[in-house]
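Chemist: Could you look at this predicted model? Sequence included:
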Amino acid sequence: MKRILALVLTLILLLGLASCAKTQPAAAPSVGSAPVASDTNPQASASVVTIEINYGHGFSPDSPQALAVEEFKSRVEKASDGRIVVNTFPSGSLGSAQEMFESLQMGTQEMALLPTARLSGFDPSLQVFDLPFLFPDKETAYSIFDGEVGQKVLDTLNSTGVRGLSIYEDGFMHFTSNKMIRTLADFSGLKMRSMESPIKMEQFKELGCNPVPIDFGELYNALQQNTVDGQENPLATIVPSKFYEVQDYMLLSYHAYLAQLVLVSNAWFESLDEEAQQIIIDAARSTAAWERDLVAQKDVEYLQAIKDSGTTVFELSEEDRQAFVDATAGVYNVAKNVIDPELIEAVVDACKK
């Protein structure tokens, strides 16, 4: 009898445990775990990102160039239906121009927007656009950038492991200084900040200045502390960087043109399917025109902001301009030592047309 009673009690206990197991709530998924695809979880079938682009540059987020990079991002992500995602890194957060170019070469960074004058150590031919008084106007520059000659310049990058897709602009460059700069004679003996470009260094020497290579990120402090007397940059760089705050004079000289290259790591780009490549190329080229229009609009505002700040603004007369042209003519002869003379001739001839 006792044995039967024990069996009954055991059976009751087992039935009770089974009932508890059926009513026990399911364990919560761990934090960060991916959703599991099922008929009851329709969100789990969301599209998967297959291509990710890290796109770096040295411009402040409110500059026309940075805004153009954001426009590129928007166009690429829309055209690819989200299959391509672009992460943007402004203000040199991925390093200097040289460091980003090297990252493109190594394939550790996918894209960058970099100035031609900062890349002379990798490809001397890129300095051809830095020649003084080369472009008579913006329209001429655009026709060259988007034409056969511009592509020829971009193609010189092929041996570096980096590919050029299109050309943005900073625009025409102007001089600023904490000393009077109105005529050629005023430049004699000035310490002027220069990019580390043989063409730029020679330009300042021909003007009678002492060129001082200073990294762009250190330029504001160098001007403020009078390490150098002045610098050259387009309005689209002078105002966002607030250089006019520490400079008393500006000469609207239109003496040189600063171009920006939309660059990709060639090894990475070649690994993409043709559809993805074409989406990126189309966006790079179409946003170049978009960026140039924005620069033109902003330049009007920028010039007024400089004048409103109290900076004295001068413009070159035709006579004074010719004096600058004559003074810097020797730069072209120096350039032929570092740039293919035939490429220089092709660009100069295109400008004359």
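Modeler: Yep, that arrived. Numbers count the residues shown, from 1 in each chain.

Chemist: Look up which helix or strand the residue most central in space within the chain falls in, please.
Modeler: The residue lying closest to the centre of the chain (CA atoms, centre = their mean) is residue 113, at 2.5 Å. Element membership for residue 113 (DSSP states H and E) is strand 111-115.

Chemist: Give me the residues contacting the next helix or strand after that strand.
Modeler: Per DSSP H and E, the first helix or strand lying C-terminal to strand 111-115 is helix 138-145. Where contact means CB atoms under 8 Å, 6 or more residues apart in numbering, the residues beyond helix 138-145 that reach it are 135, 150, 166-167, 169, 171-172, 257, 259, 288, 292, 296, 347, 350-351. Just so you know, the C-beta spots here come from the backbone N, C-alpha and C atoms, and that holds for glycine as well.

Chemist: Now restrict those to buried residues only.
Modeler: 135, 150, 166-167, 169, 171-172, 257, 259, 288, 292, 347, 350-351 (16 or more other CB atoms under 10 Å).

Chemist: and which of the residues you listed is nearest residue 271?
Modeler: Using CB to CB, residue 166 comes nearest to residue 271 of those, at 20.4 Å.

Chemist: what bridges to the closest one?
Modeler: Going by DSSP bridges, residue 166 is paired in beta bridges with residue 262.

Chemist: Look up how far residue 316 lies from it.
Modeler: Look at residue 166 and residue 316: by CB to CB, to the nearest Å, they are 31 Å apart.

Chemist: Which strand residues bridge the closest residue to residue 196 other than its chain neighbours?
Modeler: Leaving aside its sequence neighbours, residue 196 sits nearest to residue 213 (CB to CB, 6 or more residues apart in numbering; 4.7 Å). Applying DSSP bridges to residue 213 gives these bridge partners: residue 194.

Chemist: Can you give me the neighbour number for residue 213?
Modeler: As a burial measure, residue 213 scores 11 neighbours (other CB atoms under 10 Å).

Chemist: quick one: it from residue 219, how far?
Modeler: For residue 213, the distance to residue 219 - CB to CB - is 11 Å.

Chemist: ok, now residue 262?
Modeler: In terms of CB to CB, residue 262 sits 24 Å off from residue 219.

Chemist: neighbour-wise, which of these two wins?
Modeler: Counted by other CB under 10 Å, residue 262 and residue 219 do not tie: residue 262 has more neighbours, with 28 against 19.

Chemist: which one of the buried ones among the contacts of helix 138-145 sits closest to residue 301?
Modeler: Using CB to CB, those come closest to residue 301 at residue 171, 13.1 Å.

Chemist: what residues are shared contacts of residue 213 and residue 219?
Modeler: Listed contacts common to residue 213 and residue 219 are residue 193; contacts here mean CB under 8 Å, 6+ apart.

Chemist: The longest helix along the chain - what's its average pLDDT?
Modeler: When the chain is parsed with DSSP state H, its longest helix is helix 274-308. In this model, helix 274-308 has a mean pLDDT of 97.

Chemist: Repeat that for stretch 187-207.
Modeler: Averaged across stretch 187-207, the pLDDT comes to 93.

Chemist: Just the terminal-to-terminal distance for it.
Modeler: The first and last residues of stretch 187-207 sit 6 Å apart, counting by CA to CA, to the nearest Å.

Chemist: What are the buried residues along that stretch?
Modeler: Judged by neighbour count using 16+ other CB under 10 Å, the buried positions of stretch 187-207 are 187, 190-207.

Chemist: Narrow the residues you listed to those in strands?
Modeler: When DSSP state E is applied, those are split such that 191, 192, 193, 194 fall in strands.

Chemist: give the contact list for the closest residue to residue 127 other than its chain neighbours.
Modeler: Distances taken as CB to CB, 6+ apart put residue 199 closest to residue 127, at 4.4 Å, once the chain neighbours are dropped. Counting by CB under 8 Å, 6+ apart, residue 199 touches 117, 120, 127, 130, 131, 331, 334, 335, 338.

Chemist: least confident pick among these?
Modeler: residue 117 (80).

Chemist: right, and that one touches residue 201 too?
Modeler: No - taking contacts as CB atoms under 8 Å, residue 117 lies outside contact range of residue 201: 10.4 Å.

Chemist: related to what we said a few turns ago, mind listing the residues bridging to the residue nearest to the centre of the chain?
Modeler: residue 57, residue 262.

Chemist: That one reaches residue 63, doesn't it?
Modeler: No - with contact defined as CB under 8 Å, residue 113 does not reach residue 63; the gap is 10.6 Å.

Chemist: Now do the shared contacts for those two.
Modeler: With CB under 8 Å, 6+ apart as the test, residue 113 and residue 63 reach no residue in common.

Chemist: what does stretch 302-317 rub up against?
Modeler: 176, 181-182, 235-236, 238-239, 244-245, 247-254, 324.

Chemist: Out of those, which end up buried?
Modeler: 176, 181, 235-236, 238-239, 244, 247, 249-251, 253-254, 324.
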